[in-house]
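A.B. asks: 3D, please:
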Amino acid sequence: MALFRTVYNILWGDLITIPLPGGSNLGISLLVLILIPAGLYFTVRTRFLPFRLFPEMIKVTLENNRKTGEKERDSISGVQALIVSTACRVGMGNLVGVVAAISAGGAGAVFWMWEIALVGSSTAFIEATLAQLYKEKDPLYGGYRGGPAYYIHAFYNERRAKKQRDREQDAGASATASSAGNGAGRGRKSILAILFAISGLICWCGISQVISNSISSSFENAFHVPPLYSTIVLVVVAAIIVLRKNATVKVLDIMVPVMAACYFFITLFIIVKNAGQLPDVFERIFAEAFGIRQVVGGGIGAVIMNGAKRGLFSNEAGSGSAPCAAAAADISHPAKEGLLQALGVFIDTLLICTCSAMIMLLTPEALTKGLEGMDLLQTAMQYHLGEFGVVFIAVILWLFSFSTFLGILFYARPNVAYLFGDNWLSQTLYKVLALVMLFIGGLAAYQFVWDLGDVGVGLMTVFNMIALIPLAPRALAALRDYERNGMKKSKK
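C.D. replies: Here you go, the predicted structure:
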């Protein structure tokens, strides 16, 4: 436990503390220290892709992106891969997480959440494009598979092959292609890839418990349903879907657009209903993001870091989760999937998270003062929509959380295969383990398991970023090729 707490504090604690005017401190965790500079670097190297190619992201989403004349058996389209990753991004964090960020950092946290989304979209482009470049065929489920474990594996195999060729040349021998595995070829497994896959599986098991606990709590509050009953229904429905071979994507294809649209339009109704307050809300967001009051009051550090952390870990850019879905896409150019996943960051943070923020910021502060988490959000919805609002939030949380569970089990597929090989036994055992965690979490909250999920995603991010930066030139080359050839063809 002491070792676990040490790792947790290194990843999530304040690694560096910068004193600010007014007695405030800006505490920067290791993950923020890694992800923000990397995001800025990728934004510059892609020539400000989030701004420059946003129209192209929309266009790619609306067109048929499958390879011309080809369709791998049981493969999914680029948009379907976007839906799977959106199912995980658009989870309960978009509800409870945004509430926590605003509770701790005030309205100004929303501005920093937006800024981080712009930076994170470039990182999402790089990792999704690499996932496409290093994907391989999936003999179990059909279609393709991949993700960080696979491009990390390929990267280190290529380095081993190069070192072997150099040694042979130094010894006067002729270098041969058979001297070592290269590219995404199997060869010897990479320790870093193994660590990433293990971290991912640990993280997703932890998230399973958090998901069911949030669902059972919200249903108990809204409908007075005992946690045991709501948890049994949740686990049975989840088992029916995830234990079938390829039902996950089909369910998410329907669920994700419907739940996101319902939440968006309900929020839009609330915004229109309170349109007169919008100038004051936006003034409050920008004022508190840079405001003298926050600096003098010693709270500017909380404003910046709560918004930054919410943006970083809501959109998942850099954690290596979304590439597990991006690799599965059967798409005509790797950069197209990169653009789709970059758009996914916008959908998550600039659209869904902003919806949650507006629900709260358009509620009188006197009503929400002292409240946190779901209590705060349900009070805000009750203010706007009466009892219907409380019921709606409970249902939408169920949908958001359930889709996240389906999505993370899709993510787990290639990582289980990388660790244990291509067999149905290991795939099924991991699904059963996740279902058990789902059941346990619905009945009781175990803080250790929740923290285990946080440590898992933190370690995933560290292992992913170690390979992502040296591999970035390959994704950038794919972007240049797409802009030079792919975009011109599509315009014709």
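
A.B. asks: going forward, measure contacts between C-alpha atoms and count neighbours the same way
C.D. replies: Will do.

A.B. asks: and the spatially most central residue of the chain, how far is that from A222?
C.D. replies: When CA atoms, centre = their mean is applied to the chain, the residue found nearest the centroid is E316 (2.9 Å). Distance, E316 to A222, by CA to CA, to the nearest Å: 30 Å.

A.B. asks: A287 contacts A109, doesn't it?
C.D. replies: No - A287 is not in contact with A109 according to CA atoms under 8 Å; the separation is 10.8 Å.

A.B. asks: mind checking which of the two has more residues around it?
C.D. replies: Legend: neighbour count by other CA atoms under 10 Å for A287 and A109, higher for A109 (30 against 16).

A.B. asks: these two touch, right, that one and V99?
C.D. replies: No - between A109 and V99 there is no contact under CA under 8 Å: 10.4 Å.

A.B. asks: quick one: low-confidence parts of the stretch 301-450 of the chain?
C.D. replies: 301-315, 371-374, 445-450 (pLDDT under 70).

A.B. asks: same thing but 80
C.D. replies: For the stretch 301-450 of the chain, the stretches flagged by pLDDT under 80 are 301-316, 348-350, 365, 367-378, 442-450.

A.B. asks: try the stretch 101-250 of the chain
C.D. replies: 101-109, 112-113, 116-117, 161-188, 206, 210-211, 213-214, 217-218, 221-222, 245-249.

A.B. asks: ok, so what distance separates the residue nearest to the centre of the chain from F264?
C.D. replies: 21 Å.

A.B. asks: now stretch 45-63: mean pLDDT?
C.D. replies: On average, the pLDDT along stretch 45-63 is 88.

A.B. asks: ok, residues contacting it?
C.D. replies: 43, 79, 118-119, 121-122, 336, 339-340, 342-343, 476, 479 (CA atoms under 8 Å, 6 or more residues apart in numbering).

A.B. asks: export the helix or strand hosting V60 as PDB, just CAs?
C.D. replies: Assigned by DSSP states H and E, V60 falls within helix 54-62. Below are the C-alpha coordinates for helix 54-62, written out as PDB (Å, rounded to 0.1, in the frame of the first residue of the first chain):
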ATOM      1  CA  PHE A  54     -11.100  21.700 -38.300                       C
ATOM      2  CA  PRO A  55     -13.300  21.900 -41.500                       C
ATOM      3  CA  GLU A  56     -11.500  18.800 -42.800                       C
ATOM      4  CA  MET A  57     -12.300  17.000 -39.600                       C
ATOM      5  CA  ILE A  58     -16.000  17.600 -40.200                       C
ATOM      6  CA  LYS A  59     -15.700  16.600 -43.900                       C
ATOM      7  CA  VAL A  60     -14.000  13.400 -43.000                       C
ATOM      8  CA  THR A  61     -16.700  12.500 -40.500                       C
ATOM      9  CA  LEU A  62     -19.400  12.900 -43.100                       C
END
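
A.B. asks: quick check: next helix or strand after that helix?
C.D. replies: helix 78-89.

A.B. asks: on that earlier part again, buried residues, the helix holding V60. List them.
C.D. replies: Within helix 54-62, the residues that count as buried by 16 or more other CA atoms under 10 Å are F54, E56, M57, V60, T61.

A.B. asks: coming back round to it: need the overlap of contacts for A109 and V99.
C.D. replies: With CA under 8 Å, 6+ apart as the test, A109 and V99 reach no residue in common.

A.B. asks: now the strands for the protein?
C.D. replies: Taking DSSP state E as the test, the strands found in the chain are 16-19, 25-28, 136-137, 144-145.

A.B. asks: chain center to the third one: distance?
C.D. replies: Taking CA atoms, centre = their mean, to the nearest Å, one finds strand 136-137 lying 23 Å from the centre of the chain it belongs to.

A.B. asks: among the contacts of stretch 45-63, which are located in helices?
C.D. replies: Those of the contacts of stretch 45-63 mapping onto helices are 43, 79, 118-119, 121-122, 336, 339-340, 342-343, 476, 479, per DSSP state H.

A.B. asks: these: which two are farthest apart?
C.D. replies: T43 and V79 (23.1 Å; CA to CA).

A.B. asks: who's more crowded, the two?
C.D. replies: Each of T43 and V79 has its neighbours counted (other CA under 10 Å); V79 has more, 25 against 22.

A.B. asks: kindly state the pLDDT recorded for the more buried one?
C.D. replies: The predicted local confidence for V79 is 78.

A.B. asks: return the residues in contact with it.
C.D. replies: By CA under 8 Å, 6+ apart, the contact set of V79 is T61, L340.

A.B. asks: ok, 7 Å please
C.D. replies: Residues in contact with V79 (CA atoms under 7 Å, 6 or more residues apart in numbering) are T61.

A.B. asks: how near is it to K163?
C.D. replies: 39 Å.

A.B. asks: likewise I36?
C.D. replies: Distance, I36 to K163, using CA to CA: 33 Å.

A.B. asks: between the two, who's got more neighbours?
C.D. replies: Higher neighbour count among I36 and K163: I36, with 18 against 13, using other CA under 10 Å.

A.B. asks: and that one, what pLDDT?
C.D. replies: Looking at I36, its pLDDT is 84.

A.B. asks: same check on A477?
C.D. replies: The model's pLDDT for A477 equals 94.

A.B. asks: quick check: it vs N485, distance?
C.D. replies: Relative to N485, and taking CA to CA, A477 is found at 12 Å.

A.B. asks: list the contacts of stretch 474-484.
C.D. replies: T46, I126, T129, L130, P334, A335.

A.B. asks: 6 Å instead?
C.D. replies: Residues outside stretch 474-484 that contact it (CA atoms under 6 Å, 6 or more residues apart in numbering): I126, T129, L130, A335.

A.B. asks: ok, the third one - contacts?
C.D. replies: Under the criterion of CA under 6 Å, 6+ apart, the neighbours of L130 are A475.

A.B. asks: picking up where we left off before, with the ones in helices among the contacts of stretch 45-63 in mind, which one is nearest to K431?
C.D. replies: Once CA to CA is applied, the member of those that ends up nearest K431 is V79, at 24.8 Å.

A.B. asks: now do the helices in the stretch 251-400 of the chain.
C.D. replies: Taking DSSP state H, counting those that start in this stretch as the test, the helices found in the stretch 251-400 of the chain are 278-290, 292-296, 300-315, 322-326, 334-345, 354-361, 365-368, 373-385, 387-420.

A.B. asks: of all these, which one is nearest Q209?
C.D. replies: Taking CA to CA, helix 387-420 is the member of those nearest to Q209, at 9.7 Å.

A.B. asks: buried ones in the closest one?
C.D. replies: Going by neighbour count (16+ other CA under 10 Å), the buried part of helix 387-420 is 389-419.

A.B. asks: how long is stretch 320-332 end to end?
C.D. replies: 22 Å.

A.B. asks: can you check stretch 220-232 too?
C.D. replies: 14 Å.

A.B. asks: and what of stretch 411-427?
C.D. replies: 12 Å.

A.B. asks: ok so, going back, what would the ones in helices among the contacts of stretch 45-63 look like in TSV with distance to L468?
C.D. replies: Below are these laid out as TSV (distance: CA to CA, whole Å):
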residue	distance to L468
T43	14
V79	23
L118	18
V119	15
S121	14
S122	12
K336	18
L339	17
L340	18
A342	16
L343	19
L476	12
L479	15
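
A.B. asks: narrow the residues you listed to those that are buried.
C.D. replies: So, by 16+ other CA under 10 Å, the buried ones in the ones in helices among the contacts of stretch 45-63 are 43, 79, 118-119, 121-122, 336, 339-340, 342-343, 476, 479.

A.B. asks: which one of the residues you listed sits closest to V249?
C.D. replies: V79 (11.0 Å).
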